[in-house]
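K.L.:
Build the 3D model from these lines:
(chains A and B)
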Amino acid sequence: MEKISYTCIVCPKSCKGELIVKDNNEFETSGYICKRGIEYAINEYRSPKRMLTTTVKMLNGTFSNLPVVSDNEVDKDKLFACLNYLYSTKLEAPIKEGDIIVANILNTGVNIIAARDMKIKS
Amino acid sequence: MKKLNIDLIIIGGGPAGMAAATQANDNGLEKVLIIERDCELGGILQQCIHDGFGLISFKERLTGGQYAQRYINQVEAKGIQVKLNTMVLEITSDKKVYAVNEEDGLLEISAKAIILAMGCRERTRAQVFINGARPAGVFTAGAVQRYINMEGFLPGKKAVILGSGDIGLIMARRMTLEGIKVEGVYEIMKTEGGLTRNIEQCLNDYGIVLNLSTTITKIHGNKRVEGVTVSQVDASMKPIEGTDRYIECDMVVLSVGLIPENELSKNVGIELDSLTKGPIVDENMMTSIPGVFAAGNVVAVFDLVDYVSQTGVIAAKGAMKYINGTLDLTNTYISVNSGENVSVLIPQKIRKSNLDNKQDFFLRVREENEKMKLETEWSDKLVQAGKFSMVKPPEMIHITLGEKELAQFTDEDICFHMRKES
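P.N.:
Model (predicted):
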């Protein structure tokens, strides 16, 4: 049996809970007030994932950078590889929020999408 | 000077202002104008590229830009009038707004009602009294956020963060991802300022150390920051001799709190609350000047953008009633007071005759505690208004009292207490 503390990051409540991994590999949790906390703790144990948010260079946008976000969580240990891939990308305006910027980034199964509209610089 | 007549002027096109504008439009008000000093709508949300916004309003984890885009799309679809790149210089108690932009020059806009939605400002170095020279490289966390996320500049190579507010924590992660080495976060208080989830995902994920009861006592360097001296502090926040340490860095990032932006409010003589630093507001988010309302972080600094937008909706509904002449302006106010373990409290006063079937209250606690109950006290009555497994000062607590509770209010003042569950 193993007992690990995880602080849930899903909402501002930041529940501090515990995950108990029983000898038969079943999970028990305590301290999380909703099911998102339980899911989070189990994920942290199995394979921690995080949302990826960064910016990508714009060539002709009203701003020089476009914020982007992953449409699902990415394995934590692949975050920097994904970031480096995105830093080598350059985009042209116009872009609509939700446009896919990189599909299935580095075979993670996750798409990187535009997190806002970006118009052409006049 | 160009003169305009508008029903409702909203000063500030961030989450409070846009929510107010769309609400007023939904209620059928045609002449609504948003005045925004930046070149686009969205306010500070546009530089908040991280996720975690909109959990209450949209049941989703959105980035700041995504949250803003939803409101921008609505403002555009409804054809709400917006003046960008426009700076409001003055408002008057008879509801005239003086503003200036390149296209119109000086504008005098007469309004039936005004909603203040200017948001807040970051505390700066001058307000936290760090002595020493004035080298380049000292930034507020929000300025670094704008440089990196919108303008595409990296303002340094190695940073020390002073203060553990949420923006500082978010920027600790952001700078790390962008290749700026974050040496550590230094917090003078014995507890962290930001949310625990941000300590977890912004510091612990990247091995960044949070040093509590520690502060910067000197910034070194003449032209550019070369380093800082940090010292531990005692219970009275005085540096402890012999604990000082020199850290080499070229950036000092300040995350030392936010204050409502109230230059316009002060100049027109709106009554401010010494605790929130924002206007004192009533049940409709109306300030001490009839017809002038306030919403969002200009009233008090909220922790969630969802609440900011909610107050925008309340203010817009109030402004509509004011314009239509259905708001009672004569009856005396009942004052709403902070009792045991309650600090900030909004609204600060209510008119019983203006209460709908529900009333929202927002409050913060003074001290962290577990297993608490919120009690509303007036006359000889004590009514439980909510139960909380955990309360923390950084978290704004939102409660809604329903018709049944409101009907019981007398003409006596109300007091909120956060007490231990027995």
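K.L.:
the strands in chain A, which residues?
P.N.:
Applying DSSP state E to chain A gives strands spanning A:2-7, A:16-21, A:27-30, A:49-50, A:53-58, A:65-70, A:74-75, A:90-91, A:100-102, A:112-114.
K.L.:
By mean pLDDT, flag the weakest helix or strand of chain B.
P.N.:
helix B:125-128 (a mean of 64; mean pLDDT, DSSP states H and E).
K.L.:
one step back: need the strands of chain A in a markdown table (columns: mean neighbour count, distance to chain B and mean pLDDT).
P.N.:
In short, each C-beta sits where N, CA and C put it, glycine included. Below are the strands of chain A laid out as a markdown table (neighbours: other CB atoms under 10 Å in any protein chain shown; distance: least, CB to the nearest CB, whole Å; pLDDT from 0 to 100):
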| stretch | mean neighbour count | distance to chain B | mean pLDDT |
| --- | --- | --- | --- |
| strand A:2-7 | 14 | 5 | 92 |
| strand A:16-21 | 16 | 7 | 93 |
| strand A:27-30 | 14 | 12 | 93 |
| strand A:49-50 | 18 | 7 | 94 |
| strand A:53-58 | 21 | 5 | 96 |
| strand A:65-70 | 24 | 4 | 97 |
| strand A:74-75 | 18 | 12 | 96 |
| strand A:90-91 | 14 | 12 | 96 |
| strand A:100-102 | 16 | 13 | 97 |
| strand A:112-114 | 22 | 9 | 98 |
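K.L.:
Kindly reformat these as a markdown table and extend each row with distance to residue B:189.
P.N.:
Shown next, in a markdown table, are the strands of chain A (distance: least, CB to CB, whole Å):
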| stretch | distance to residue B:189 |
| --- | --- |
| strand A:2-7 | 20 |
| strand A:16-21 | 20 |
| strand A:27-30 | 29 |
| strand A:49-50 | 28 |
| strand A:53-58 | 28 |
| strand A:65-70 | 31 |
| strand A:74-75 | 34 |
| strand A:90-91 | 42 |
| strand A:100-102 | 40 |
| strand A:112-114 | 38 |
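K.L.:
So which of those strands is nearest residue B:349?
P.N.:
Distance to residue B:349, taken as CB to CB, is lowest for strand A:16-21 among the strands of chain A, at 37.1 Å.
K.L.:
For that closest one, which helices and strands make contact with it?
P.N.:
Packing contacts for strand A:16-21, counted by 3 or more CB pairs under 8 Å, 6 or more residues apart in numbering or on different chains; DSSP states H and E, involve strand A:2-7, strand A:27-30, helix A:35-46.
K.L.:
my guess is residue B:22 contacts residue B:82, does it?
P.N.:
No: counting by CB atoms under 8 Å, residue B:82 is not a contact partner of residue B:22; they are 11.9 Å apart.
K.L.:
which residues are common contacts for those two?
P.N.:
Applying CB atoms under 8 Å, 6 or more residues apart in numbering or on different chains, one finds that residue B:22 and residue B:82 are jointly contacted by residue B:75.
K.L.:
can I see the domain layout of chain A?
P.N.:
Here the domain assignment for chain A is A:2-46, A:53-114, based on automatic domain parsing.
K.L.:
I'd like to know which of those domains lies nearest to residue B:204.
P.N.:
With CB to CB as the measure, domain A:2-46 is the member of those nearest residue B:204 (8.2 Å).
K.L.:
Point out the residues in the stretch 251-400 of chain B that sit beside chain A.
P.N.:
Within the stretch 251-400 of chain B, the positions adjacent to chain A are B:303, B:304, B:389, B:390, B:395 by CB under 8 Å from any CB of the partner chain.
K.L.:
In PyMOL, how would I select just the buried ones from those residues?
P.N.:
To isolate in PyMOL the members of those that are buried, counting by 16 or more other CB atoms under 10 Å in any protein chain shown, one can use:
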select buried, chain B and resi 303+304+390+395
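K.L.:
pLDDT wise, what is residue B:131 at?
P.N.:
Predicted confidence (pLDDT) for residue B:131: 66.
K.L.:
which one is residue B:138 nearest to, not counting chain neighbours?
P.N.:
Closest residue to residue B:138 apart from its sequence neighbours, by CB to CB, 6 or more residues apart in numbering or on different chains: residue B:252 at 4.7 Å.
K.L.:
Against chain A, how distant is that neighbour?
P.N.:
23 Å (CB to the nearest CB, to the nearest Å).
K.L.:
swap in residue B:221?
P.N.:
Counting by CB to the nearest CB, the gap from residue B:221 to chain A is 28 Å.
K.L.:
ditto for residue B:75
P.N.:
Remark: distance between residue B:75 and chain A (CB to the nearest CB) = 13 Å.
K.L.:
How about the contacts made by that residue?
P.N.:
Here residue B:75 is in contact with B:18, B:21, B:22, B:34, B:41, B:82 (criterion: CB under 8 Å, 6+ apart).
K.L.:
quick one, phi psi at the residue nearest to the first one when sequence neighbours are not counted?
P.N.:
Going back to what we said before, that points to residue B:18. Excluding its sequence neighbours, the residue lying closest to residue B:18 (CB to CB, 6+ apart) is residue B:71, at 3.9 Å. When read as degrees, to the nearest 10, the backbone of residue B:71 gives phi -80, psi -40.
K.L.:
Without its sequence neighbours, what residue ends up closest to the residue sitting nearest the centre point of chain A?
P.N.:
Residue closest to the mean C-alpha point of chain A, counted by CA atoms, centre = their mean, is residue A:51 at 0.9 Å. Among residues not flanking residue A:51 along the chain, residue B:51 sits closest, at 4.8 Å (CB to CB, 6+ apart).
K.L.:
pLDDT at that neighbour, what is it?
P.N.:
93.
K.L.:
How about the contacts made by residue B:363?
P.N.:
Taking CB under 8 Å, 6+ apart as the test, what residue B:363 contacts is B:338, B:342, B:343, B:344, B:345, B:346, B:374, B:396, B:397, B:399, B:416, B:418.
K.L.:
gap between the fourth one and chain A?
P.N.:
Meaning residue B:344. 16 Å.
K.L.:
Surely residue A:23 and residue A:2 touch.
P.N.:
No: Residue A:23 is not in contact with residue A:2 according to CB under 8 Å; the separation is 9.0 Å.
K.L.:
May I see the contacts of residue B:75 arranged in a markdown table, with pLDDT as well?
P.N.:
Shown next, in a markdown table, are the contacts of residue B:75 (pLDDT from 0 to 100):
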| residue | pLDDT |
| --- | --- |
| B:18 | 98 |
| B:21 | 98 |
| B:22 | 98 |
| B:34 | 98 |
| B:41 | 98 |
| B:82 | 98 |
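K.L.:
For the residues you listed, give me a markdown table that also has secondary structure, neighbour count and distance to residue B:200.
P.N.:
Converted to a markdown table, the contacts of residue B:75 look like this (DSSP: H, G, I helix; E, B strand; the rest coil; neighbours: other CB atoms under 10 Å in any protein chain shown; distance: CB to CB, whole Å):
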| residue | secondary structure | neighbour count | distance to residue B:200 |
| --- | --- | --- | --- |
| B:18 | helix | 30 | 31 |
| B:21 | helix | 29 | 36 |
| B:22 | helix | 22 | 34 |
| B:34 | strand | 25 | 37 |
| B:41 | coil | 25 | 32 |
| B:82 | strand | 21 | 38 |
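K.L.:
Just give me the closest of those residues to chain A.
P.N.:
Among those, residue B:41 lies closest to chain A (CB to the nearest CB), at 10.8 Å.
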